[in-house]
Every structure is written in structure tokens, then in C-alpha cells.
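S.K.: Sequence and predicted structure are below.
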Amino acid sequence: MPLNYESARQLLESTFTQAEADFATGVVPATDAVFAQACGPIFTSQTQAYREGLIGCILARIQDRNINIRQPYINQGDRAFNGRTLDQTVINPFLRAKRVPSSTGPYLSAFRRSIQFIPETRQGLRDKAGYDQFLVALGRLENETDAEALLGMLRFVLLKFVELRDAAHVALTTPHRISLDQYDTLLTGLLSTPSQGRFPVILLVATFRAINSYFVQNWIVEMQGINEADSPSGAGGDITIRSGNQTVLVCEVTERSVDASRVVTTFQTKIAPQQIEEYLFFVRPSAASLEARQQAHQYFAQGHEVNFLEIKMWILMILATMGRRGRSLFNQHLIELLSADDIPRTVKVVWNTQIERLIAPA
């Protein structure tokens with residue numbers, strides 16, 4: 001039986017209201033003890049796909065007990081369900097509407113390429129311990145047939161999302177003015193802090209958007225989701241700048257070293273197929289090898305501009321060029337990006353800590 005997406009949406013809405021009331025009154029819904037214990041590591045994991053995928057499995061189980069919740073791709077068998085469509089149609093829009101920290105979707109990140117929720121999938125995942133607990137939760141879920149018990153599991157999980165939302169709320173410190181020397185210190189601190197690649201991308205997107213605002217370029221500066229693969233989403237890189245239907249520039253932001261093979265792979269899988277003329281690698285100092293630069297020069301002869309820029313130095317030069325008004329625009333765009341619901345609390349705390357150090361009396 002196909003899933004009823006409207007029914008799933010209504011159930012999420014009504015149960016989330018109950019979960020918010022539970023949070024306000026300190027009530028914890030009764031649920032299976034093993035399931036509840038497994039939810040702990042699932043909700044502290046850096047891999048958001050586990051908890052977001054769990055919602056889909058619960059909704060599928062509630063609607064149809066014959067569904068195999070370990071098969072989230074419809075081509076996997078007669079009892080499989082369409083986890084990606086359920087997420088994109090119902091779950092992801094719901095979480096965003098409720099201002100719950102969430103990813104762009106579990107089936108665009110950890111659960112790509114028609115994987116099944118089985119032990120063998122563990123090998124390709126970053127947080128293996130978190131996935132183990134995800135499987136424990138699924139085991140308890142697929143053995144439960146009672147409708148009220150399944151609704152209790154959903155209510156418990158949604159309470160965890162409410163708690164996640166509350167913990168993620170951090171008021172950002174907004175500096176009035178920052179000098180270029182202070183920007184140098186600030187950028188050094190942010191870029192040296194582990195953030196799973198968030199700070200480099202956010203800082204660069206804020207810079208491009210400040211350029212757009214300052215020079216009135218009518219650009220659309222798009223940012224690829226962190227840990228979201230480029231291929232499924234059709235993106236050519238981490239940052240894509242468009243003007244109307246024209247791609248102005250595509251940027252790859254990397255904290256790893258770039259060798260010739262990385263350039264070749266990027267050219268073959270992104271630049272050539274999408275006919276990208278301007279491609280920038282934003283890297284750390286000395287991260288691009290001589291061979292990588294030589295390979296890029298070969299593509300120059302074919303009409304493709306493939307270049308390398310050092311992240312902090314480029315941002316500082318742009319901020320110096322745009323002057324005080326441009327730096328104010330940069331600050332506004334940066335705060336807007338950091339305020340997004342999908343930015344982890346830890347990242348916001350790091351920002352506040354760096355700003356407080358910057359403005360503290362000597």
C-alpha cells in the first residue's frame with residue numbers, strides 16, 4: 001500500500017504539538033526502554049541522517065505494518081517504501097517549518113545510493129556507533145505492532161527534536177565594528193576550529209553575498225549543504241554563483257590538500273559535464289600542489305579557468321577593498337548565515353567565543 005503523505009503530515013503536526021506540551025511540562029512519554037536508550041546516541045550524533053531517517057521509518061510502520069522499514073528505496077523489493085520522497089515531501093519541510101535543526105535530508109547525505117538499513121551499511125558511515133544504535137531502534141520498531149505503542153515512539157522521538165531545537169538556540173554576539181587586524185585574528189580563529197567544513201563555506205558565502213550587495217550584481221549565491229554530495233543535488237561545487245540562467249562562478253572549498261588527481265576528477269565529474277568556465281578551489285595555505293596547478297593550467301588551454309585561492313587572504317583583501325560599508329554588509333550576511341536553524345549550537349558558541357575574545361579589554 002502506498003504511503004499517504006498528507007496523513008503522515010497531519011500526524012506529525014498533531015504529535016509535535018503534544019511533544020511541545022510534554023517539553024513545557026517536563027513529561028517524558030512512555031515508550032519501549034531499549035528504544036528510548038538507543039535514541040540517546042542517535043540524537044547526539046553529528047550524523048543528522050540517523051534521527052531524520054528514524055522519523056520516516058516510524059511513520060511508515062504506523063501506516064503499514066507490512067512495510068520493510070529497512071528498505072527505504074522503492075526498487076529494493078515489494079515491501080520497500082520510498083524514504084526519500086517521504087522525507088522531501090513531508091519530514092524535511094516539517095522540521096524546517098518548526099525551526100528544528102535539520103539537514104537537507106538523510107537520503108542526500110549518509111543514506112545515498114540505495115542503501116538498506118542493515119549491518120553491512122555500517123562500513124561506509126562516519127559515526128558507526130550512532131548507526132549501531134539506529135539499528136537497535138529499528139529492531140524495536142519493526143517488532144512493535146500495537147498502534148498506541150508506535151504512536152508513543154513517534155511522540156518520544158519528536159520530544160527529542162523539541163529538546164534539540166531548544167538546545168540549539170544560541171543568541172549570536174553581533175559586533176558593531178571590526179578592524180582589518182581584528183578580522184585577521186577572527187578568521188584565523190574560526191578557520192582553525194573543527195567545524196566539519198562549515199566555517200570556511202559560511203565565511204566565503206558571506207563574502208560573495210557582501211560583494212553582490214555592495215556592487216549590486218544581481219547574483220544568486222547558492223551554498224551546498226554540508227556533507228551533502230554534489231552529484232545527487234546537481235551542484236558543481238560547494239558554492240555556485242548565478243546571474244539569471246548563467247553560471248558566473250563555481251567554487252570548491254576544501255580543507256584537504258589538492259593534488260593533480262583531485263583536479264582531474266573534479267574536471268571530469270563536474271567542470272566538463274556542466275561546461276563550467278570559471279572554477280575556483282578555495283584552499284588553506286600551500287594546500288594546492290605544484291602538480292595540481294600544472295594540471296589546472298592544461299585545462300586553461302581548453303577554455304576552462306581553474307584557479308586556486310587561499311581562503312583567509314582572499315577574504316581579507318575583499319574586506320579591505322570594499323571599505324567600511326562593505327565590511328558592515330559582510331557582518332550582516334555572516335550573522336544571517338550563522339543564525340540558520342541547521343547550524344549546530346557548537347558552531348554558534350565558537351563564534352560567540354571568538355567575538356568575545358576579540359572585543360575583550362586588553
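M.R.: It's in. Here the structure is a predicted model, which is why all the values come from computation and not from measurement.

S.K.: domain assignment for this structure?
M.R.: Structural domains annotated on the chain: 5-168, 180-359, as defined by automatic domain parsing.

S.K.: Kindly reformat the ones you listed as JSON lines and extend each row with mean neighbour count.
M.R.: For every residue, glycine as well, the C-beta is placed using N, CA and C. What follows is the domains of the chain, written out as JSON lines (neighbours: other CB atoms under 10 Å):
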{"stretch": "domain 5-168", "mean neighbour count": "18"}
{"stretch": "domain 180-359", "mean neighbour count": "17"}
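
S.K.: what's the closest of these to T174?
M.R.: Judged by CB to CB, the one of the domains of the chain that comes nearest to T174 is domain 180-359, at 5.6 Å.

S.K.: Can you get me the start-to-end distance on that closest one?
M.R.: 13 Å (CA to CA, to the nearest Å).

S.K.: ok, back up a step: worst average pLDDT in the domains of the chain?
M.R.: Mean pLDDT is lowest for domain 180-359 among the domains of the chain, at a mean of 91.

S.K.: so who does C57 touch?
M.R.: 69, 72, 83, 117, 138, 141 (CB atoms under 8 Å, 6 or more residues apart in numbering).

S.K.: Kindly reformat those as a markdown table containing secondary structure and distance to G326.
M.R.: A markdown table is the format used below for those (DSSP: H, G, I helix; E, B strand; the rest coil; distance: CB to CB, whole Å):
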| residue | secondary structure | distance to G326 |
| --- | --- | --- |
| I69 | coil | 51 |
| P72 | coil | 46 |
| G83 | helix | 44 |
| F117 | coil | 49 |
| L138 | helix | 51 |
| L141 | helix | 52 |
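
S.K.: need the domains of the chain in TSV with distance to T174, can you?
M.R.: Below are the domains of the chain laid out as TSV (distance: least, CB to CB, whole Å):
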stretch	distance to T174
domain 5-168	18
domain 180-359	6
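
S.K.: circling back: ok, the contacts of C57 vs V28, which is closest?
M.R.: L141 (18.2 Å).

S.K.: List the residues that contact that closest one.
M.R.: Neighbouring residues of L141 by CB under 8 Å, 6+ apart: 35, 57-58, 61, 69, 150, 153.

S.K.: just W314 next, same as before
M.R.: When contacts are counted by CB under 8 Å, 6+ apart, W314 touches 207, 282.

S.K.: in what helix or strand does it lie?
M.R.: Using DSSP states H and E, W314 falls within helix 311-338.

S.K.: Which residues outside the longest strand along the chain are in contact with it?
M.R.: Counting by DSSP state E, the longest strand found in the chain is strand 246-253. Residues outside strand 246-253 that contact it (CB under 8 Å, 6+ apart): 197, 200-201, 204, 219, 236-242, 266, 270-271, 274, 276-282, 311.

S.K.: try 7 Å this time
M.R.: For strand 246-253, the external contacting residues (CB atoms under 7 Å, 6 or more residues apart in numbering) are 197, 200-201, 204, 219, 236-242, 266, 276, 278-282.

S.K.: Run the angle between that strand and helix 311-338 for me.
M.R.: Interaxial angle of strand 246-253 relative to helix 311-338 (axes from the mean of the first three to the mean of the last three CA atoms, to 10 degrees): 110 degrees.

S.K.: Which SSE is immediately downstream of strand 246-253?
M.R.: Along the chain past strand 246-253, the next helix or strand (assigned with DSSP H and E) turns out to be helix 260-266.

S.K.: next SSE after that following helix?
M.R.: With elements assigned by DSSP H and E, the helix or strand that comes after helix 260-266 is strand 278-283.

S.K.: strand partners of that next one, parallel vs antiparallel please.
M.R.: Its sheet considered, strand 278-283 pairs with strand 246-253 (parallel), strand 305-310 (parallel) by DSSP bridges.

S.K.: now the ones you listed in CSV, with distance to G124?
M.R.: Shown next, in CSV, are these (distance: least, CB to CB, whole Å):
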stretch, distance to G124
strand 246-253, 22
strand 305-310, 29
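
S.K.: What residues does F43 make contact with?
M.R.: Counting by CB under 7 Å, 6+ apart, F43 touches 51, 160, 164.

S.K.: swap in I69?
M.R.: Applying CB under 7 Å, 6+ apart, we find I69 in contact with 57, 60-61, 138, 141-142.

S.K.: Verify the contact between E291 and S257 for me.
M.R.: No - counting by CB atoms under 7 Å, E291 does not reach S257; the two are 11.0 Å apart.

S.K.: Dump the contacts of F43 into CSV; add secondary structure and distance to G77 as well.
M.R.: As requested, the contacts of F43 are arranged in CSV below (three-state DSSP; distance: CB to CB, whole Å):
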residue, secondary structure, distance to G77
R51, helix, 25
K160, helix, 30
L164, helix, 33
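
S.K.: Just give me the closest of these to Y299.
M.R.: Once CB to CB is applied, the member of these that ends up nearest Y299 is R51, at 41.5 Å.

S.K.: so what's L154 up against?
M.R.: By CB under 7 Å, 6+ apart, the residues touching L154 are 15, 58, 62.

S.K.: Among these, name the ones in helices.
M.R.: Judged by DSSP state H, the contacts of L154 include 15, 58, 62 as members of helices.

S.K.: Look up the closest residue to the second one, ignoring the ones flanking it.
M.R.: Closest residue to I58 apart from its sequence neighbours, by CB to CB, 6 or more residues apart in numbering: L154 at 4.9 Å.

S.K.: could you dump the helix or strand where the one you found lies to PDB, C-alpha only?
M.R.: Here L154, judged by DSSP H and E, is contained in helix 147-168. Extracted C-alpha coordinates of helix 147-168, given in PDB (Å, rounded to 0.1, in the frame of the first residue of the first chain):
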ATOM      1  CA  ALA A 147      -0.800   1.200  17.200                       C
ATOM      2  CA  GLU A 148      -0.700   3.100  20.500                       C
ATOM      3  CA  ALA A 149       2.900   1.900  21.200                       C
ATOM      4  CA  LEU A 150       4.000   3.100  17.800                       C
ATOM      5  CA  LEU A 151       2.400   6.500  18.300                       C
ATOM      6  CA  GLY A 152       4.200   6.600  21.700                       C
ATOM      7  CA  MET A 153       7.600   6.000  19.900                       C
ATOM      8  CA  LEU A 154       6.800   8.900  17.500                       C
ATOM      9  CA  ARG A 155       5.900  11.200  20.300                       C
ATOM     10  CA  PHE A 156       9.100  10.300  22.200                       C
ATOM     11  CA  VAL A 157      11.200  11.000  19.100                       C
ATOM     12  CA  LEU A 158       9.500  14.300  18.400                       C
ATOM     13  CA  LEU A 159      10.100  15.300  22.000                       C
ATOM     14  CA  LYS A 160      13.800  14.700  21.400                       C
ATOM     15  CA  PHE A 161      13.600  17.000  18.400                       C
ATOM     16  CA  VAL A 162      11.900  19.700  20.500                       C
ATOM     17  CA  GLU A 163      14.800  19.300  23.000                       C
ATOM     18  CA  LEU A 164      17.300  19.600  20.100                       C
ATOM     19  CA  ARG A 165      15.600  22.800  19.000                       C
ATOM     20  CA  ASP A 166      15.800  24.300  22.500                       C
ATOM     21  CA  ALA A 167      19.400  23.400  22.900                       C
ATOM     22  CA  ALA A 168      20.300  24.800  19.500                       C
END
